[in-house]
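> got a predicted model here, sequence first, then my questions.
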Amino acid sequence: MAGIAERPGVDVPSLEEAESGQMPAGHDSRLQQDADYLGRHKKPPRTPVQPPWWQRRSAPMASYERVLRSNSNTSVSSSSGSEEGPPSKRSKWRHYLLPRMHDPKRPLAHFGGSEYTERMVFAGAWLLFLLAGYLLARLCCHLGLPSDGTDQPVVFDALTDITNLLQYGFILGWFVGAFCFDRFMWLCSRIWFPALYVITIVVYSAASNLRFFRHSLVDIDTWGAPMYILVSCAATLAVAVVAWHLWAAWFTKTRLELALYFVSRAVIFVYFGICAGLLQHSRYNKRHVHHLYIGWAIALFAEFDHCISGAVLAIGSAMFVQGIGAYSFAPIFSDSACFRTTTATSALRCDFQAASNFTISVCPGAHGAMPEYTCFS
(Lines give C-alpha, C1' and ligand atoms only; values in the text may rest on other atoms or scores of the structure.)
Protein backbone atom coordinates (compact mmCIF):
# COMPACT_ATOMS: atom_id res chain seq x y z
CA MET A 1 0.00 0.00 0.00
CA ALA A 2 3.03 2.27 0.03
CA GLY A 3 2.43 3.18 -3.60
CA ILE A 4 -1.15 4.23 -2.75
CA ALA A 5 -0.12 6.37 0.21
CA GLU A 6 2.18 8.41 -2.01
CA ARG A 7 -0.74 9.44 -4.20
CA PRO A 8 -2.07 12.90 -3.25
CA GLY A 9 -5.67 13.11 -2.08
CA VAL A 10 -5.93 9.50 -0.95
CA ASP A 11 -6.91 8.87 2.71
CA VAL A 12 -5.52 5.65 4.07
CA PRO A 13 -7.48 4.29 7.05
CA SER A 14 -5.59 4.02 10.34
CA LEU A 15 -4.80 0.70 11.96
CA GLU A 16 -7.49 1.21 14.67
CA GLU A 17 -10.16 1.92 12.02
CA ALA A 18 -9.18 -1.11 10.00
CA GLU A 19 -9.31 -3.41 13.07
CA SER A 20 -12.68 -2.05 14.27
CA GLY A 21 -14.17 -2.26 10.80
CA GLN A 22 -15.08 1.44 10.78
CA MET A 23 -13.95 2.62 7.35
CA PRO A 24 -14.19 6.29 6.39
CA ALA A 25 -17.01 7.38 4.12
CA GLY A 26 -16.44 6.76 0.45
CA HIS A 27 -13.84 4.06 1.11
CA ASP A 28 -15.38 1.62 -1.42
CA SER A 29 -15.06 4.13 -4.22
CA ARG A 30 -11.45 4.81 -3.22
CA LEU A 31 -10.72 1.07 -3.35
CA GLN A 32 -12.02 1.00 -6.90
CA GLN A 33 -9.83 3.98 -7.75
CA ASP A 34 -6.82 2.22 -6.25
CA ALA A 35 -7.53 -0.91 -8.30
CA ASP A 36 -7.76 1.19 -11.45
CA TYR A 37 -4.50 2.90 -10.59
CA LEU A 38 -2.69 -0.41 -10.13
CA GLY A 39 -4.21 -1.73 -13.35
CA ARG A 40 -2.88 1.20 -15.36
CA HIS A 41 0.60 1.03 -13.82
CA LYS A 42 1.16 -2.71 -13.64
CA LYS A 43 4.33 -4.10 -15.15
CA PRO A 44 4.20 -6.20 -18.33
CA PRO A 45 4.25 -9.95 -17.73
CA ARG A 46 7.56 -11.75 -17.70
CA THR A 47 6.38 -14.31 -20.24
CA PRO A 48 6.12 -12.60 -23.64
CA VAL A 49 2.72 -12.71 -25.26
CA GLN A 50 2.74 -14.54 -28.59
CA PRO A 51 1.54 -12.55 -31.60
CA PRO A 52 -1.60 -13.52 -33.49
CA TRP A 53 -1.28 -16.59 -35.66
CA TRP A 54 -1.46 -14.65 -38.94
CA GLN A 55 1.64 -12.72 -37.79
CA ARG A 56 3.38 -15.63 -36.10
CA ARG A 57 3.11 -17.90 -39.11
CA SER A 58 4.57 -15.36 -41.53
CA ALA A 59 7.45 -14.23 -39.32
CA PRO A 60 10.81 -15.89 -40.03
CA MET A 61 12.58 -17.68 -37.19
CA ALA A 62 15.30 -15.03 -36.94
CA SER A 63 12.81 -12.21 -36.25
CA TYR A 64 10.47 -14.28 -34.11
CA GLU A 65 11.94 -13.05 -30.82
CA ARG A 66 11.59 -9.43 -31.98
CA VAL A 67 7.92 -10.05 -32.72
CA LEU A 68 7.43 -11.47 -29.23
CA ARG A 69 9.15 -8.51 -27.59
CA SER A 70 7.16 -5.96 -29.58
CA ASN A 71 3.89 -7.66 -28.69
CA SER A 72 4.82 -7.90 -25.00
CA ASN A 73 5.46 -4.14 -24.89
CA THR A 74 2.06 -3.39 -26.40
CA SER A 75 0.08 -6.01 -24.48
CA VAL A 76 -0.93 -3.60 -21.68
CA SER A 77 -2.12 -0.84 -23.98
CA SER A 78 -3.97 -3.25 -26.26
CA SER A 79 -5.85 -4.78 -23.31
CA SER A 80 -7.35 -1.42 -22.29
CA GLY A 81 -10.08 -1.65 -24.90
CA SER A 82 -8.53 -1.49 -28.37
CA GLU A 83 -9.09 -4.67 -30.35
CA GLU A 84 -7.47 -5.68 -33.61
CA GLY A 85 -9.71 -6.09 -36.59
CA PRO A 86 -10.20 -9.44 -38.30
CA PRO A 87 -7.35 -10.61 -40.50
CA SER A 88 -7.60 -10.07 -44.22
CA LYS A 89 -8.51 -12.80 -46.66
CA ARG A 90 -4.89 -13.07 -47.73
CA SER A 91 -3.63 -13.49 -44.16
CA LYS A 92 -6.27 -16.13 -43.34
CA TRP A 93 -4.66 -18.60 -45.74
CA ARG A 94 -1.42 -18.43 -43.74
CA HIS A 95 -3.15 -20.56 -41.14
CA TYR A 96 -3.50 -23.43 -43.63
CA LEU A 97 -0.40 -23.05 -45.77
CA LEU A 98 2.45 -21.84 -43.56
CA PRO A 99 4.06 -23.80 -40.71
CA ARG A 100 3.44 -22.89 -37.09
CA MET A 101 6.37 -21.07 -35.55
CA HIS A 102 7.79 -22.67 -32.42
CA ASP A 103 9.86 -21.39 -29.54
CA PRO A 104 13.34 -20.66 -30.96
CA LYS A 105 14.91 -22.74 -28.18
CA ARG A 106 12.72 -25.77 -28.77
CA PRO A 107 13.99 -26.95 -32.20
CA LEU A 108 17.63 -26.69 -31.14
CA ALA A 109 17.27 -28.46 -27.80
CA HIS A 110 17.89 -31.86 -29.39
CA PHE A 111 21.08 -30.83 -31.22
CA GLY A 112 23.08 -29.10 -28.56
CA GLY A 113 21.67 -25.69 -29.45
CA SER A 114 23.30 -25.71 -32.92
CA GLU A 115 21.16 -24.69 -35.87
CA TYR A 116 23.92 -25.88 -38.20
CA THR A 117 23.74 -29.38 -36.73
CA GLU A 118 19.98 -29.34 -37.00
CA ARG A 119 20.02 -28.56 -40.70
CA MET A 120 22.69 -31.15 -41.44
CA VAL A 121 20.72 -33.85 -39.60
CA PHE A 122 17.52 -33.02 -41.49
CA ALA A 123 19.39 -32.88 -44.81
CA GLY A 124 20.88 -36.31 -44.18
CA ALA A 125 17.48 -37.73 -43.21
CA TRP A 126 15.91 -36.32 -46.40
CA LEU A 127 18.60 -37.85 -48.61
CA LEU A 128 18.26 -41.21 -46.84
CA PHE A 129 14.53 -41.00 -47.50
CA LEU A 130 15.22 -40.63 -51.24
CA LEU A 131 17.81 -43.42 -51.18
CA ALA A 132 15.27 -45.74 -49.58
CA GLY A 133 12.95 -45.06 -52.52
CA TYR A 134 15.80 -45.80 -54.93
CA LEU A 135 16.39 -49.19 -53.29
CA LEU A 136 12.66 -49.91 -53.49
CA ALA A 137 12.70 -49.11 -57.22
CA ARG A 138 15.67 -51.43 -57.70
CA LEU A 139 13.80 -54.17 -55.84
CA CYS A 140 10.80 -53.69 -58.13
CA CYS A 141 13.10 -54.04 -61.14
CA HIS A 142 14.43 -57.29 -59.72
CA LEU A 143 10.82 -58.52 -59.53
CA GLY A 144 10.09 -57.49 -63.12
CA LEU A 145 8.43 -54.15 -62.42
CA PRO A 146 8.99 -52.78 -64.99
CA SER A 147 10.08 -55.54 -67.34
CA ASP A 148 12.14 -53.18 -69.52
CA GLY A 149 14.03 -51.62 -66.63
CA THR A 150 17.78 -51.68 -66.10
CA ASP A 151 18.71 -55.12 -64.82
CA GLN A 152 21.72 -55.58 -62.54
CA PRO A 153 23.67 -52.38 -63.31
CA VAL A 154 27.43 -52.40 -62.89
CA VAL A 155 28.99 -50.64 -59.93
CA PHE A 156 29.99 -47.60 -61.97
CA ASP A 157 26.44 -47.09 -63.27
CA ALA A 158 24.97 -47.55 -59.79
CA LEU A 159 27.36 -44.99 -58.30
CA THR A 160 26.54 -42.57 -61.11
CA ASP A 161 22.83 -42.96 -60.40
CA ILE A 162 23.27 -42.45 -56.65
CA THR A 163 25.48 -39.39 -57.20
CA ASN A 164 22.91 -37.70 -59.44
CA LEU A 165 20.13 -38.73 -57.06
CA LEU A 166 21.88 -37.02 -54.15
CA GLN A 167 22.66 -33.89 -56.17
CA TYR A 168 19.17 -33.34 -57.52
CA GLY A 169 17.62 -34.54 -54.26
CA PHE A 170 19.57 -32.01 -52.22
CA ILE A 171 18.38 -29.18 -54.49
CA LEU A 172 14.81 -30.43 -54.17
CA GLY A 173 15.05 -30.62 -50.37
CA TRP A 174 16.41 -27.07 -50.19
CA PHE A 175 13.60 -25.68 -52.36
CA VAL A 176 10.79 -27.37 -50.41
CA GLY A 177 12.29 -26.48 -47.01
CA ALA A 178 12.91 -30.07 -45.90
CA PHE A 179 15.98 -28.95 -43.94
CA CYS A 180 13.97 -26.63 -41.64
CA PHE A 181 12.56 -27.85 -38.35
CA ASP A 182 8.90 -26.91 -38.89
CA ARG A 183 8.73 -28.30 -42.42
CA PHE A 184 10.58 -31.50 -41.53
CA MET A 185 8.35 -32.12 -38.51
CA TRP A 186 5.24 -31.49 -40.59
CA LEU A 187 6.30 -34.10 -43.15
CA CYS A 188 7.21 -36.62 -40.45
CA SER A 189 3.91 -36.15 -38.63
CA ARG A 190 1.86 -37.11 -41.71
CA ILE A 191 1.89 -40.89 -42.02
CA TRP A 192 0.27 -40.66 -45.45
CA PHE A 193 3.32 -38.83 -46.86
CA PRO A 194 5.78 -41.79 -46.83
CA ALA A 195 2.91 -44.17 -47.63
CA LEU A 196 1.99 -42.21 -50.77
CA TYR A 197 5.69 -42.04 -51.66
CA VAL A 198 6.06 -45.84 -51.51
CA ILE A 199 2.75 -46.54 -53.27
CA THR A 200 3.64 -44.22 -56.15
CA ILE A 201 6.96 -45.97 -56.75
CA VAL A 202 5.36 -49.43 -56.83
CA VAL A 203 2.32 -48.41 -58.90
CA TYR A 204 4.37 -46.46 -61.43
CA SER A 205 6.76 -49.40 -61.83
CA ALA A 206 3.87 -51.83 -62.34
CA ALA A 207 2.04 -49.52 -64.76
CA SER A 208 5.13 -49.39 -66.97
CA ASN A 209 4.41 -52.99 -67.97
CA LEU A 210 1.16 -51.99 -69.65
CA ARG A 211 1.39 -52.00 -73.44
CA PHE A 212 0.05 -48.50 -74.04
CA PHE A 213 2.29 -47.14 -71.28
CA ARG A 214 5.53 -48.20 -72.99
CA HIS A 215 5.98 -44.99 -74.90
CA SER A 216 7.82 -41.73 -74.49
CA LEU A 217 8.18 -38.37 -76.22
CA VAL A 218 10.69 -39.92 -78.62
CA ASP A 219 8.19 -42.25 -80.32
CA ILE A 220 5.19 -39.91 -80.26
CA ASP A 221 4.22 -41.04 -83.77
CA THR A 222 3.38 -44.51 -82.44
CA TRP A 223 1.12 -43.34 -79.63
CA GLY A 224 -2.36 -44.75 -79.44
CA ALA A 225 -5.57 -43.21 -78.12
CA PRO A 226 -5.00 -44.43 -74.51
CA MET A 227 -1.55 -42.82 -74.41
CA TYR A 228 -2.87 -39.52 -75.77
CA ILE A 229 -5.63 -39.49 -73.14
CA LEU A 230 -3.18 -40.33 -70.36
CA VAL A 231 -0.68 -37.65 -71.36
CA SER A 232 -3.44 -35.04 -71.76
CA CYS A 233 -4.85 -35.77 -68.29
CA ALA A 234 -1.38 -35.77 -66.73
CA ALA A 235 -0.45 -32.46 -68.39
CA THR A 236 -3.71 -30.84 -67.27
CA LEU A 237 -3.18 -32.05 -63.71
CA ALA A 238 0.42 -30.80 -63.68
CA VAL A 239 -0.62 -27.33 -64.85
CA ALA A 240 -3.40 -27.23 -62.25
CA VAL A 241 -0.99 -28.23 -59.48
CA VAL A 242 1.54 -25.55 -60.41
CA ALA A 243 -1.24 -22.95 -60.67
CA TRP A 244 -2.52 -23.91 -57.21
CA HIS A 245 0.94 -23.43 -55.69
CA LEU A 246 1.31 -20.03 -57.33
CA TRP A 247 -2.10 -19.09 -55.95
CA ALA A 248 -1.07 -20.30 -52.49
CA ALA A 249 2.13 -18.28 -52.69
CA TRP A 250 0.11 -15.19 -53.62
CA PHE A 251 -2.02 -15.49 -50.46
CA THR A 252 0.78 -16.36 -48.02
CA LYS A 253 3.88 -14.44 -49.08
CA THR A 254 4.94 -10.85 -49.28
CA ARG A 255 5.71 -9.30 -52.63
CA LEU A 256 9.43 -9.97 -52.25
CA GLU A 257 8.85 -13.55 -51.14
CA LEU A 258 6.41 -14.13 -53.99
CA ALA A 259 8.94 -12.81 -56.49
CA LEU A 260 11.67 -15.03 -55.07
CA TYR A 261 9.36 -18.05 -55.08
CA PHE A 262 8.56 -17.62 -58.76
CA VAL A 263 11.96 -16.43 -60.02
CA SER A 264 13.97 -19.13 -58.22
CA ARG A 265 11.98 -21.87 -59.96
CA ALA A 266 11.86 -20.05 -63.28
CA VAL A 267 15.65 -19.69 -63.35
CA ILE A 268 16.01 -23.49 -63.47
CA PHE A 269 13.69 -23.84 -66.46
CA VAL A 270 15.29 -20.87 -68.23
CA TYR A 271 18.70 -22.46 -67.71
CA PHE A 272 17.66 -25.68 -69.45
CA GLY A 273 16.04 -23.63 -72.20
CA ILE A 274 19.29 -21.72 -72.77
CA CYS A 275 21.19 -25.02 -72.88
CA ALA A 276 18.80 -26.34 -75.52
CA GLY A 277 19.32 -23.20 -77.62
CA LEU A 278 23.10 -23.32 -77.38
CA LEU A 279 23.23 -27.01 -78.27
CA GLN A 280 20.72 -26.77 -81.10
CA HIS A 281 23.36 -26.80 -83.87
CA SER A 282 25.87 -29.10 -82.19
CA ARG A 283 26.23 -32.86 -82.03
CA TYR A 284 24.63 -32.82 -78.54
CA ASN A 285 21.24 -31.64 -79.81
CA LYS A 286 19.44 -34.90 -79.00
CA ARG A 287 16.94 -34.12 -76.23
CA HIS A 288 14.73 -36.38 -74.19
CA VAL A 289 12.86 -35.19 -71.08
CA HIS A 290 12.51 -38.31 -68.96
CA HIS A 291 9.71 -38.59 -66.43
CA LEU A 292 12.22 -38.26 -63.60
CA TYR A 293 12.76 -34.61 -64.59
CA ILE A 294 9.02 -33.99 -64.82
CA GLY A 295 8.42 -35.31 -61.30
CA TRP A 296 11.41 -33.39 -59.94
CA ALA A 297 10.34 -30.11 -61.57
CA ILE A 298 6.77 -30.31 -60.25
CA ALA A 299 7.95 -31.19 -56.75
CA LEU A 300 10.06 -28.00 -56.65
CA PHE A 301 6.86 -25.97 -56.07
CA ALA A 302 5.59 -28.09 -53.14
CA GLU A 303 6.87 -26.15 -50.13
CA PHE A 304 3.59 -25.50 -48.27
CA ASP A 305 2.26 -27.33 -45.20
CA HIS A 306 -0.95 -28.36 -46.90
CA CYS A 307 -2.23 -31.80 -47.86
CA ILE A 308 -2.22 -30.89 -51.57
CA SER A 309 1.34 -29.62 -51.47
CA GLY A 310 2.49 -32.61 -49.40
CA ALA A 311 0.87 -35.04 -51.84
CA VAL A 312 2.52 -33.30 -54.79
CA LEU A 313 5.90 -33.54 -53.07
CA ALA A 314 5.43 -37.25 -52.34
CA ILE A 315 4.29 -38.13 -55.89
CA GLY A 316 6.85 -35.92 -57.63
CA SER A 317 9.72 -37.25 -55.52
CA ALA A 318 8.57 -40.82 -56.15
CA MET A 319 8.54 -40.26 -59.93
CA PHE A 320 12.02 -38.77 -59.74
CA VAL A 321 13.41 -41.65 -57.67
CA GLN A 322 11.61 -44.35 -59.68
CA GLY A 323 12.98 -42.97 -62.95
CA ILE A 324 16.56 -43.24 -61.70
CA GLY A 325 16.09 -46.60 -60.00
CA ALA A 326 14.30 -48.30 -62.89
CA TYR A 327 16.00 -46.79 -65.96
CA SER A 328 19.18 -45.24 -64.53
CA PHE A 329 19.91 -41.54 -64.65
CA ALA A 330 19.75 -40.16 -68.19
CA PRO A 331 20.73 -36.60 -69.11
CA ILE A 332 18.35 -34.38 -71.01
CA PHE A 333 20.92 -33.70 -73.74
CA SER A 334 22.93 -36.48 -75.36
CA ASP A 335 25.26 -36.98 -78.29
CA SER A 336 23.20 -37.41 -81.44
CA ALA A 337 26.17 -38.99 -83.22
CA CYS A 338 25.93 -42.08 -81.00
CA PHE A 339 23.63 -44.98 -81.75
CA ARG A 340 21.81 -46.35 -78.73
CA THR A 341 18.88 -48.70 -78.46
CA THR A 342 15.88 -47.38 -76.55
CA THR A 343 15.35 -50.66 -74.66
CA ALA A 344 17.50 -53.64 -73.79
CA THR A 345 17.46 -56.43 -76.35
CA SER A 346 19.20 -59.77 -76.98
CA ALA A 347 19.23 -59.60 -80.81
CA LEU A 348 19.65 -56.67 -83.14
CA ARG A 349 20.26 -56.30 -86.89
CA CYS A 350 21.36 -52.94 -88.23
CA ASP A 351 22.20 -51.50 -91.66
CA PHE A 352 24.37 -48.39 -91.51
CA GLN A 353 24.81 -46.27 -94.63
CA ALA A 354 26.59 -42.97 -95.23
CA ALA A 355 27.78 -40.86 -98.17
CA SER A 356 31.43 -41.29 -97.08
CA ASN A 357 33.49 -43.83 -95.23
CA PHE A 358 32.78 -44.19 -91.51
CA THR A 359 33.78 -46.30 -88.51
CA ILE A 360 31.59 -47.96 -85.90
CA SER A 361 32.55 -48.91 -82.35
CA VAL A 362 30.56 -51.53 -80.44
CA CYS A 363 30.76 -51.19 -76.64
CA PRO A 364 29.54 -53.55 -73.92
CA GLY A 365 26.32 -52.73 -72.15
CA ALA A 366 25.42 -52.70 -68.47
CA HIS A 367 26.34 -56.38 -68.01
CA GLY A 368 29.93 -55.72 -69.01
CA ALA A 369 29.98 -58.50 -71.65
CA MET A 370 30.72 -57.86 -75.29
CA PRO A 371 27.75 -59.01 -77.41
CA GLU A 372 28.30 -61.37 -80.27
CA TYR A 373 28.14 -59.67 -83.63
CA THR A 374 28.72 -60.37 -87.32
CA CYS A 375 29.73 -57.62 -89.71
CA PHE A 376 29.70 -57.55 -93.50
CA SER A 377 31.14 -54.78 -95.66
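Structure's in. What do you need? Residues are numbered from 1 along each chain as shown.
> what's the weakest-modelled helix or strand in the protein?
Between all helices and strands in the chain, the lowest mean by mean pLDDT, DSSP states H and E belongs to helix 53-56, at a mean of 38.
> how is this protein divided into domains?
Listed by automatic domain parsing, the domain ranges of the chain are 2-79, 114-334.
> in the stretch 101-250 of the chain, where is pLDDT below threshold?
Filtered on pLDDT under 70, the stretch 101-250 of the chain yields the residue ranges 101-113, 152-153, 217-218.
> and the gap between the nearest residue to Leu258 once chain neighbours are set aside and Leu260?
Excluding its sequence neighbours, the residue lying closest to Leu258 (Cβ to Cβ, 6 or more residues apart in numbering) is Ala249, at 5.4 Å. (C-beta placed from N, C-alpha, C; glycine too.) Using Cβ to Cβ, to the nearest Å, Ala249 is found at 10 Å from Leu260.
> these two: which is more packed in?
Ala249 (19 against 13; other Cβ atoms under 10 Å).
> mind checking which helix or strand that one is in?
Using DSSP states H and E, Ala249 sits within helix 225-252.
> next, the angle from the following helix or strand past that helix to helix 225-252.
Later in the chain than helix 225-252, the nearest helix or strand by DSSP H and E is helix 255-278. For helix 255-278 against helix 225-252, the angle by axes from the mean of the first three to the mean of the last three Cα atoms, to 10 degrees is 140 degrees.
> which neighbouring elements make contact with helix 255-278?
Applying 3 or more Cβ pairs under 8 Å, 6 or more residues apart in numbering; DSSP states H and E, we find helix 255-278 packed against helix 225-252.
> burial measure for the closest residue to Ala326 other than its chain neighbours, as a count.
Nearest residue to Ala326, sequence neighbours excluded (Cβ to Cβ, 6+ apart): Gly149, at 4.1 Å. A count of nearby residues for Gly149, using other Cβ under 10 Å, gives 23.
> what's the burial count for Gly277?
When neighbours are counted by other Cβ under 10 Å, Gly277 comes out with 9.
> so which bits of stretch 326-333 are buried?
Within stretch 326-333, the residues scored as buried using 16 or more other Cβ atoms under 10 Å are Ala326, Tyr327, Ser328, Phe329, Phe333.
> would you turn the domains of the chain into JSON lines with distance to Asn357?
Output for those, formatted as JSON lines (distance: least, Cβ to Cβ, whole Å):
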{"stretch": "domain 2-79", "distance to Asn357": "66"}
{"stretch": "domain 114-334", "distance to Asn357": "19"}
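> looking at these, which is buried most?
domain 114-334 (a mean of 16; mean count of other Cβ atoms under 10 Å).
> is it true that Ser147 touches Asn209?
Yes: assessed by Cβ atoms under 8 Å, Ser147 is found in contact with Asn209 at 5.4 Å.
> just the ones of the buried residues of stretch 326-333 in strands?
Phe333 (DSSP state E).
> between the buried residues of stretch 326-333, which is closest to Trp126?
Phe329 (18.6 Å; Cβ to Cβ).
> in contact with that closest one, which residues?
By Cβ atoms under 8 Å, 6 or more residues apart in numbering, the contact set of Phe329 is Thr160, Asp161, Asn164, Leu165, Leu292.
> dihedrals phi and psi, it?
Dihedral angles of Phe329 (phi, psi; degrees, to the nearest 10) stand at phi -70, psi 130.
> per-residue pLDDT, it?
Reading off the confidence values, Phe329 has pLDDT 92.
> show me where the protein has its strands.
Using DSSP E, the strands of the chain run over 286-287, 333-334.
> same list (those strands) but as JSON lines, adding distance to Ile199.
Below are the strands of the chain laid out as JSON lines (distance: least, Cβ to Cβ, whole Å):
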{"stretch": "strand 286-287", "distance to Ile199": "31"}
{"stretch": "strand 333-334", "distance to Ile199": "32"}
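> out of the ones you listed, which comes closest to Thr236?
Comparing the strands of the chain against Thr236 with Cβ to Cβ, the closest turns out to be strand 286-287 (23.2 Å).
> packing partners of that closest one?
Counting contacts by 3+ Cβ pairs under 8 Å, 6+ apart, strand 286-287 packs against strand 333-334.
> distance of the residue nearest to Leu258 relative to Leu313?
Taking Cβ to Cβ, one finds Ala249 at 15 Å from Leu313.
> show me the contact partners of stretch 229-241.
The contact list for stretch 229-241 (Cβ under 8 Å, 6+ apart) reads Phe212, Phe213, Trp223, Ile294, Ile298, Phe301, Ile308, Val312.
> whoops, stretch 255-262 was the one
Outside stretch 255-262, the residues that touch it by Cβ under 8 Å, 6+ apart are Leu246, Ala249, Trp250, Lys253, Glu303.
> residue contacts, the nearest residue to the last one once chain neighbours are set aside?
For Glu303, the nearest residue in space outside its immediate sequence neighbours is Val176; the separation is 4.6 Å by Cβ to Cβ, 6+ apart. Applying Cβ under 8 Å, 6+ apart, we find Val176 in contact with Arg183, Ala299, Leu300, Ala302, Glu303, Leu313.
> okay, those in CSV with distance to Val198 next?
Formatted as CSV, the contacts of Val176 follow (distance: Cβ to Cβ, whole Å):
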residue, distance to Val198
Arg183, 20
Ala299, 16
Leu300, 21
Ala302, 17
Glu303, 22
Leu313, 14
